[in-house]
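> no sequence for this one, just the structure:
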């Protein structure tokens, strides 16, 4: 820290954390920018800076949460209308959305998250001209990935039948998946666009576009699927068109000149330094997908219990509620990724650290409020989802676990957002493998099957893995030397094209 002063809530500065490849000589010459916040020496200073940082956080998180909810609702609305077409059509749309498109969504979103690190740090460092280049590199990588994933769509009917779906559902869902190929390539364009705009805090335009598209999606879904009776063809046309419309609207906004130097047109630089980009993108994808698949596995394991139908129904209700509450956490995740990457890029290590403190406290309090509401209405809310008394009773029993899970899952994605903003994706991917699949899954299977605790045992074991992973991430954040992270951020920008003089540097994030 400047002048040797240590701020309140300071982490130890001599500890080693991920991304330690920066040379000590770089850190020795590092100086925080003068506009970085000063040391916080008391409650008054803390409260003052907390209010300032909270305003910056919610300026990003509010629209991000709204955008996530709108985009999440596109597939949900299609499923609602498909339910009015027929039971087979509903099953086909549900399976395609959750298995085929859900898998692809996780992979593409994860790979696109690499831009949260790169664009955010470049923007904070004032290297605005690199944002457009980074976005184009991501387009190249994600479009190539979409080509590979398209085989999953083409052969989805055989795959679904292989994993146990009925002949009728496999055939209908497989046909619907082929029709949804345009959505896959829309993902490849959309996720880099979103990270590009987020890095510049241009979140509100994304929220407006998402809201308009959601309204149009609802109207045209009703018109084509029900009124004109196009069925699944209408569902595919509207859902594809909605995602393409989001992409076109965001592209027109960028091409209109509203982003200034961040977009100066297409460049051949997009094809340079692709391998480093690929590695960070893959690390981001693995990090995110390991978390998504973890909760998918929870429902899969419940399906092998003796009372499988009741267990899966009750767990699905809990996961549905958890999914909606996670939208809040994902908004905070996007916000803190932008805040940390911007501040590290601007050489503001103390501001980056304090932003983490603020977002963790905020997310934890939100999780407590949501959990308290759930506990209070634990006897009433299950009836909204099921008419079965057995299912309602099991949901009631699972509610304390769900409430605790909501608290943990309001903090964990935020810490993951810090990791993305700082560029720790590869290390966190290994943490996820150890905590989730080497600890959480085996413990859940033992408690659920061997000990005989059923669905509660499976969830307790797997939730333990999430708790351990959250504790590890918290420890990483606490022990982080933020001066060193700011130095690494500057070198990363130079290495990947932000400064010609810095191309020879070998430091990696």
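Noted; the coordinates are in hand. Quick caveat: nothing in here was measured; it's all calculated off a predicted structure.

> any residues touching stretch 177-188, and which ones?
96, 100-101, 104-105, 108-109, 139, 142-143, 145-146, 149-150, 153-154, 156-157, 232-233, 236, 239-240, 243-244, 246-247 (CB atoms under 8 Å, 6 or more residues apart in numbering). C-beta here means a position set from N, CA and C on the backbone, and glycine is covered the same way.

> Select only the buried ones of these in ChimeraX?
Buried members of the contacts of stretch 177-188, defined by 16 or more other CB atoms under 10 Å, are picked up in ChimeraX with:
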select :96,100,101,104,105,108,109,139,142,145,146,149,153,156,157,232,236,239,240,243,244,246,247
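
> Take the contacts of stretch 177-188 and keep only those in helices.
Applying DSSP state H to the contacts of stretch 177-188, the entries found in helices are 104-105, 108-109, 139, 142-143, 145-146, 149-150, 153-154, 156-157, 232-233, 236, 239-240, 243-244, 246-247.

> what about the residue most central in space within the chain, is that helix, strand or coil?
Most central in the chain under CA atoms, centre = their mean is residue 330, positioned 5.7 Å from the mean C-alpha point. Recorded secondary structure, residue 330: helix (DSSP: H, G, I helix; E, B strand; the rest coil).

> Next, the contact list for it, please.
Counting by CB under 8 Å, 6+ apart, residue 330 touches 64, 65, 68, 413.

> For these, which single residue is the most surrounded?
Neighbour counts for those (other CB atoms under 10 Å) peak at residue 64, which has 27 neighbours.

> gap between it and residue 81?
Using CB to CB, to the nearest Å, residue 64 is found at 27 Å from residue 81.

> same thing with residue 96?
Look at residue 96 and residue 81: by CB to CB, they are 14 Å apart.

> With residue 210 instead?
According to CB to CB, residue 210 and residue 81 sit 19 Å apart.

> Residue 164 too?
Distance, residue 164 to residue 81, by CB to CB: 27 Å.

> what does residue 154 give?
Distance, residue 154 to residue 81, using CB to CB: 25 Å.

> now swap in residue 253 and tell me
For residue 253, the distance to residue 81 equals 29 Å [CB to CB].

> just residue 272 next, same as before
Distance, residue 272 to residue 81, by CB to CB: 45 Å.

> Which one's more surrounded, those two?
Higher neighbour count among residue 272 and residue 81: residue 81, with 21 against 14, using other CB under 10 Å.

> Tell me who's in contact with that one.
221, 222, 225, 226, 235.

> Just the buried ones out of those, please.
Buried among the contacts of residue 81 (16+ other CB under 10 Å): 221, 222, 225, 235.

> Now the two most distant members of those residues.
Farthest pair in the buried ones among the contacts of residue 81 (CB to CB) is 222 and 235. Separation: 11.2 Å.

> Just the ones in helices from the contacts of residue 81, please.
Those of these mapping onto helices are 221, 235, per DSSP H.

> which one of the contacts of residue 81 sits closest to residue 313?
residue 235 (24.6 Å).

> Not counting sequence-adjacent ones, nearest residue to that closest one?
In this structure, residue 235 finds its nearest non-sequential neighbour in residue 78, 5.2 Å apart by CB to CB, 6 or more residues apart in numbering.

> for that neighbour, what are its contacts?
Residues near residue 78 by CB under 8 Å, 6+ apart: 93, 97, 217, 221, 235, 238, 239.

> element containing it, please.
According to DSSP states H and E, residue 78 maps onto helix 43-85.

> Ok, residue 397 next?
helix 389-422.

> Check residue 374 too.
Assigned by DSSP H and E, residue 374 falls within helix 349-376.

> Hey, what's the angle from that helix to helix 389-422? Just curious.
Counting by axes from the mean of the first three to the mean of the last three CA atoms, to 10 degrees, helix 349-376 lies at 180 degrees to helix 389-422.

> So that it lines up with my notes, have the first residue be 35 from now on.
In the new numbering, first residue 35, that becomes helix 383-410.

> So what's the gap between helix 383-410 and the chain middle?
Its chain's C-alpha centre and that of helix 383-410 lie 17 Å apart, by CA atoms, centre = their mean, to the nearest Å.

> ok, so what distance separates residue 304 from residue 233?
According to CB to CB, residue 304 and residue 233 sit 17 Å apart.

> and the two? which has more neighbours close in?
Applying other CB under 10 Å to residue 304 and residue 233 shows that residue 233 carries more neighbours, namely 28 against 19.

> show me what contacts the nearest residue to residue 428 once chain neighbours are set aside?
In this structure, residue 428 finds its nearest non-sequential neighbour in residue 348, 3.9 Å apart by CB to CB, 6+ apart. Taking CB under 8 Å, 6+ apart, we find residue 348 in contact with 425, 428, 429, 432, 489.

> could you dump those residues to JSON lines with neighbour count, distance to residue 158 and pLDDT?
Shown next, in JSON lines, are these (neighbours: other CB atoms under 10 Å; distance: CB to CB, whole Å; pLDDT from 0 to 100):
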{"residue": "425", "neighbour count": "22", "distance to residue 158": "49", "pLDDT": "78"}
{"residue": "428", "neighbour count": "24", "distance to residue 158": "48", "pLDDT": "84"}
{"residue": "429", "neighbour count": "25", "distance to residue 158": "45", "pLDDT": "84"}
{"residue": "432", "neighbour count": "21", "distance to residue 158": "43", "pLDDT": "87"}
{"residue": "489", "neighbour count": "26", "distance to residue 158": "45", "pLDDT": "80"}
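
> possible to save the residues you listed as CSV with distance to residue 159?
Putting the contacts of residue 348 into CSV (distance: CB to CB, whole Å) gives the following:
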residue, distance to residue 159
425, 53
428, 52
429, 49
432, 47
489, 49
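
> Specify which member of these is nearest to residue 358.
Nearest to residue 358 among the contacts of residue 348, counting by CB to CB, is residue 429 at 15.1 Å.

> how many other residues sit next to residue 398?
Residue 398 has 14 neighbouring residues, counting by other CB under 10 Å.

> Relative to residue 375, how far out is residue 517?
16 Å.

> which of those two has more neighbours?
Between residue 517 and residue 375, counted using other CB under 10 Å, residue 375 has the larger neighbour count: 31 against 19.

> Which residues are in contact with the nearest residue to residue 380 once chain neighbours are set aside?
Spatially, and ignoring its direct neighbours in sequence, residue 380 is nearest to residue 158 (3.9 Å; CB to CB, 6+ apart). Under the criterion of CB under 8 Å, 6+ apart, the neighbours of residue 158 are 375, 376, 377, 378, 379, 380, 382, 523.

> What's the local residue count around the fourth one?
Same thing as residue 378. The tally of other residues near residue 378 (other CB under 10 Å) stands at 29.

> Same check on the second one?
Burial of residue 376, expressed as a neighbour count using other CB under 10 Å, amounts to 27.

> how near is the closest residue to it other than its chain neighbours to residue 469?
Using CB to CB, 6+ apart and skipping residues adjacent in sequence, the residue nearest residue 376 is residue 158, 3.8 Å away. According to CB to CB, residue 158 and residue 469 sit 30 Å apart.

> quick one: residue 434 and residue 409 touch, right?
Yes - with contact defined as CB atoms under 8 Å, residue 434 reaches residue 409; the gap is 7.3 Å.

> in the stretch 335-484 of the chain, which segments are predicted with low confidence?
Low-confidence segments of the stretch 335-484 of the chain (pLDDT under 70): 336-338, 341-343, 346, 350, 419-420, 451, 454-457, 459.
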